[in-house]
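>>> Task: produce atomic coordinates for the following.
(one chain, ligands or ions: 3)
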Amino acid sequence: MCKFYYPEKDAILQEVLAAYDFPATLLGAARYGQGHINDTFCVVCQPQEGDAIRFILQGLSLAAFPHPDELMANFIGITSYLRDKVIANGGDPLRETLSLVKTRDGKDYYTDSNGKVWRLTPFIENTDCFQSATPELFEASARSFGRFQYMLQGYPAETLHETIVNFHNTEDRFAKFEAALAADKHDRAKDIQADIQFVLDRKADCSVALQALRDGKLPLRVTHNDTKLNNILIDRDSHEGICVIDLDTTMPGLSINDFGDSIRFGANHSKEDEKDLSKVNFDIELYEAYTRGFLEGAQGSLTEGELEYLPWGARLMTLECGIRFLTDYLDGDHYFRIHYPEQNLDRCRTQFKLVKDMEEQFDAMAAVIRKYAK
Ligand code: ADP
Ligand code: GN1
Ligand code: MG
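Ligands and ions are numbered 1, 2, ... in the order given. The predicted structure is shown next:
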């Protein structure tokens, strides 16, 4: 009998695990990682001899992804494409991109009795996943995200489904914030006036990248759209990024957003939900390290316009993420997983502190890009 460490999900986990034919005795499944969206478990099997074999089992959030079948079609298309590229470059496709384990009846994923979609991937061993980084590590992650975008340059973008409509449409994020504020379902607005005002004061900023896209200054590319440091696995031996994970939002987007989202999460020394804002400071040295790595990984593929707007990418991804946390807080915390009641508010405040820092250092941020752009 398999032992589970997540009792309230036992029944559904039993059902999902029974859909797969594991290569050895199933020892258990435990919650894993620090993602805010999907239900992620590490599944452990023990062969009669040798090391345990691990898998990552993920239940896709229906709140975030209303069309999981389309999402999985994207996942299969992208990972197959990357697999061919990795093989052509002499790499190891089982470590350098994600792959799926098929269900007993030969399907790529399992839909449980509640309609939730689950996928199983081999655990990529001998890697680490970090929540914060040294400059060297951050630069390595940047090379990988830059290269990810570079490798997907030839991918037929028109075949990708939009897994979350208007995902990085910052104008739409602002509008959704206004709607949540008007509804104020949980009567929370009265206590957070300064946070609300911070957003209202930046309405014009929400249009900067979209206007540049409309003006033809920025191209649409196939981008990852969720380039947090913990969405990359770092090889324990080489200390290089070995595999970009969390491909659920890979779809047409802006390269400046991939750059920007990494900066938002990684160019500081605090937790995303740090309560003591004196500890939350944008670190321009980490920003510089990331810039170096990202431009190296992108291999000269970024246009003049993209280079010019990279600092805006950082500022806007941070503002947008803060707006999203605040919107979810006003809505009653249905989207981002929370571990205590005011966590989305804490998360929003760290983002706004970082935005403020970036606004103050904006010229220096642009100078760093000029230093490395050839
Ligand atoms: P979420 O969308 O919830 O962020 P992720 O796909 O990012 O879900 O997975 C959550 C965490 O699980 C990652 O940050 C990473 O630590 C771990 N993880 C996911 N896939 C793998 C894998 N194939 N091998 C090793 N670790 C993985
Ligand atoms: C979510 O899934 P995860 O934890 O890697 C979110 C991102 C946010 C991030 C904030 C699909 O990322 O957009 O920037 O939280 N992913 C989705 O930490 O909404
Ligand atoms: Mg993730």
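>>> Can you give me every residue that contacts L213?
L220, L254 (CB atoms under 8 Å, 6 or more residues apart in numbering). In short, each C-beta sits where N, CA and C put it, glycine included.
>>> which residues does the nearest residue to L286 once chain neighbours are set aside contact?
Closest residue to L286 apart from its sequence neighbours, by CB to CB, 6 or more residues apart in numbering: A267 at 4.2 Å. By CB under 8 Å, 6+ apart, the contact set of A267 is F138, F282, D283, I284, L286, Y287, Y290, A314.
>>> Around the residue in the stretch 201-350 of the chain positioned nearest to ligand 3, how many other residues sit close by?
Closest residue of the stretch 201-350 of the chain to ligand 3, CB to the ion: D246 (3.7 Å). For D246, the number of neighbouring residues by other CB atoms under 10 Å comes to 21.
>>> And the one 3 residues further on, by the same measure?
Per other CB under 10 Å, the neighbour tally for T249 reads 23.
>>> May I have the residues that are in contact with the closest residue to it other than its chain neighbours?
In this structure, T249 finds its nearest non-sequential neighbour in N225, 4.0 Å apart by CB to CB, 6+ apart. Each residue near N225 by CB under 8 Å, 6+ apart is listed here: F167, H168, T249, T250, M251, G253, N257, D258, D261.
>>> Okay, helices next: where are they in this protein?
10-18, 68-88, 93-96, 135-151, 170-183, 193-200, 208-214, 255-266, 284-298, 304-331, 343-360, 362-372 (DSSP state H).
>>> Of the contacts of N225, which pair is most distant in space?
M251 and D261 (13.9 Å; CB to CB).
>>> Please identify which of these two sits among more neighbours.
D261 (28 against 23).
>>> Can you tell me the closest non-neighbouring residue to the residue most central in space within the chain?
What sits nearest the mean C-alpha location of the chain, by CA atoms, centre = their mean, is D226, with 2.7 Å. Residue nearest to D226 in three dimensions, not counting chain neighbours: T249, with 4.8 Å by CB to CB, 6+ apart.
>>> Show the contacting residues for the one you found.
Neighbours of T249 in contact, by CB under 8 Å, 6+ apart: T163, I164, F167, H224, N225, D226.
>>> and those near ligand 2, which?
D226 (CB under 6 Å from any ligand atom).
>>> Residues touching stretch 168-182, excluding its own?
Identification of contacts with stretch 168-182 by CB under 8 Å, 6+ apart yields 166, 189, 196, 199, 203, 205-207, 209-210, 225, 253-254, 257, 316-317, 319-320, 323-324, 326-327, 330-331.
>>> What is the neighbour count of the residue in the stretch 1-150 of the chain that ligand 3 sits nearest to?
When distances are taken as CB to the ion, the stretch 1-150 of the chain reaches nearest to ligand 3 at G35, 3.8 Å away. G35 has 19 neighbours, counted by other CB under 10 Å.
>>> The residue nearest to the centre of the chain touches D246, doesn't it?
Yes: counting by CB atoms under 8 Å, D226 does reach D246; the two are 5.6 Å apart.
>>> So what sits opposite V222 in the bridge?
Assessed by DSSP bridges, V222 has beta-bridge partners P252.
>>> ok now do it, which residues does it touch?
Residues near V222 by CB under 8 Å, 6+ apart: Q149, L152, Q153, Y155, A157, L160, T250, M251, P252, G253.
>>> and the least confident of the residues you listed?
Minimum pLDDT for the contacts of V222 is recorded at A157 (91).
>>> Look up how far P252 lies from it.
Distance from A157 to P252, counting by CB to CB, to the nearest Å: 5 Å.
>>> do E272 as well
26 Å.
>>> Those two: which has the busier surroundings?
E272 (21 against 15).
>>> Excluding sequence neighbours, find me the nearest residue to the more buried one.
E272 sits nearest to R347 (CB to CB, 6+ apart), 5.4 Å away.
>>> what does L152 give?
Nearest residue to L152 in three dimensions, chain neighbours excluded: V222, at 4.3 Å (CB to CB, 6+ apart).
>>> rewinding a little: let me know the closest of the contacts of V222 to L310.
Nearest member of the contacts of V222 to L310, counting by CB to CB, is Q149, at 12.7 Å.
>>> Can you give me the neighbour number for the closest one?
Per other CB under 10 Å, the neighbour tally for Q149 reads 26.
>>> Ok, the one 4 residues further on next?
By other CB under 10 Å, 12 other residues sit near Q153.
>>> From L316, how far out is it?
Distance from Q153 to L316, counting by CB to CB: 23 Å.
>>> Same check on M151?
25 Å.
>>> Counting neighbours around each, name which of the two comes out higher.
Counting neighbours by other CB under 10 Å for M151 and for L316 shows that L316 has the greater number, 29 against 21.
>>> which residues touch the more buried one?
Residues near L316 by CB under 8 Å, 6+ apart: T170, D205, C206, V208, A209, I256, N257, G260.
>>> I'd like to know how far the second one sits from F265.
Read it as D205. Distance from D205 to F265, by CB to CB: 19 Å.
>>> same thing with the fifth one?
With distances defined as CB to CB, the gap from A209 to F265 amounts to 18 Å.
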